[in-house]
Structures are given as structure tokens and as C-alpha cells.
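A.B. asks: got a sequence here, can you model it:
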Amino acid sequence: MSKYCQDNSEQIAKMKKIIKITIKEYLTERQRLYLKMYYFNGMTMEKIAQEFGVTKGTVSRTIKKAIENIKKSDRVVFAAKLYGRS
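C.D. replies: Have a look, this model is predicted:
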């Protein structure tokens with residue numbers, strides 16, 4: 001593996017850690033739960049909505065807001081600039 005790939009892997013690992021901390025600190029419990037169910041458990045928005053007794057639109061807006069909050073967090077913005085991802 002080239003030095004560039006190793007450096008890139010380290011940067012990606014650091015960004016993942018920063019995003020994980022940001023999710024824990026900046027998102028509501030509901031936002032975290034919907035993100036986990038949608039992205040990590042592969043559930044559809046319809047299925048999540050059924051599970052919580054809300055509309056698909058509510059799930060969609062909650063996930064969208066969560067992603068916006070992650071992108072706007074000072075920690076993620078700083079890391080993106082630090083690692084050249086701005």
C-alpha cells in the first residue's frame with residue numbers, strides 16, 4: 001500500500017470518529033435512531049414510519065435535518081478543512 005493510501009486511510013478513520021462523536025452530541029435521540037435504522041439497518045422510510053406511527057415525510061425530514069446538523073457542526077467543518085474536504 002502506498003504512503004498516500006495509508007495517509008488517506010488515517011484521515012478517513014479520523015473523520016469517521018469525528019462524525020460518530022458529532023452524531024452523539026449534536027443529534028436528538030430520534031434523529032440518531034432514524035439514521036441508524038435507515039443507513040445501518042437498511043430499513044425503508046416507510047417501515048420506520050410504520051414502526052413509530054408517523055408519516056414517511058416526518059421520517060424523511062428528520063433524517064434530512066440530522067444530516068444538515070452533522071454537516072453544520074463546528075467539529076465536522078473543522079475536520080473537513082483540516083483534511084482537505086471542504
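A.B. asks: drop to CA atoms for contacts and neighbour counts, all remaining ones
C.D. replies: Noted.
A.B. asks: quick one, helices of the protein?
C.D. replies: All helices of the chain, identified by DSSP state H, fall at 3-26, 29-35, 45-52, 56-72, 74-82.
A.B. asks: Lys16 and Glu10, how far apart?
C.D. replies: 10 Å (C-alpha to C-alpha, to the nearest Å).
A.B. asks: do the same with Val54
C.D. replies: Val54 sits 40 Å away from Glu10, going by C-alpha to C-alpha.
A.B. asks: now do Gly42
C.D. replies: 27 Å.
A.B. asks: swap in Arg30?
C.D. replies: Counting by C-alpha to C-alpha, the gap from Arg30 to Glu10 is 31 Å.
A.B. asks: where in the chain is pLDDT low?
C.D. replies: Applying pLDDT under 70 to the chain picks out residues 1-7, 76-86.
A.B. asks: switch to 80 and redo it
C.D. replies: 1-8, 11-12, 14-16, 74-86 (pLDDT under 80).
A.B. asks: what's the burial count for Val59?
C.D. replies: 24 (other C-alpha atoms under 10 Å).
A.B. asks: I should have written Gln31 there, sorry.
C.D. replies: 21.
A.B. asks: just Ile70 next, same as before
C.D. replies: Ile70: 19 surrounding residues under other C-alpha under 10 Å.
A.B. asks: would you check that it makes contact with Lys24?
C.D. replies: No: between Ile70 and Lys24 there is no contact under C-alpha atoms under 8 Å: 10.1 Å.
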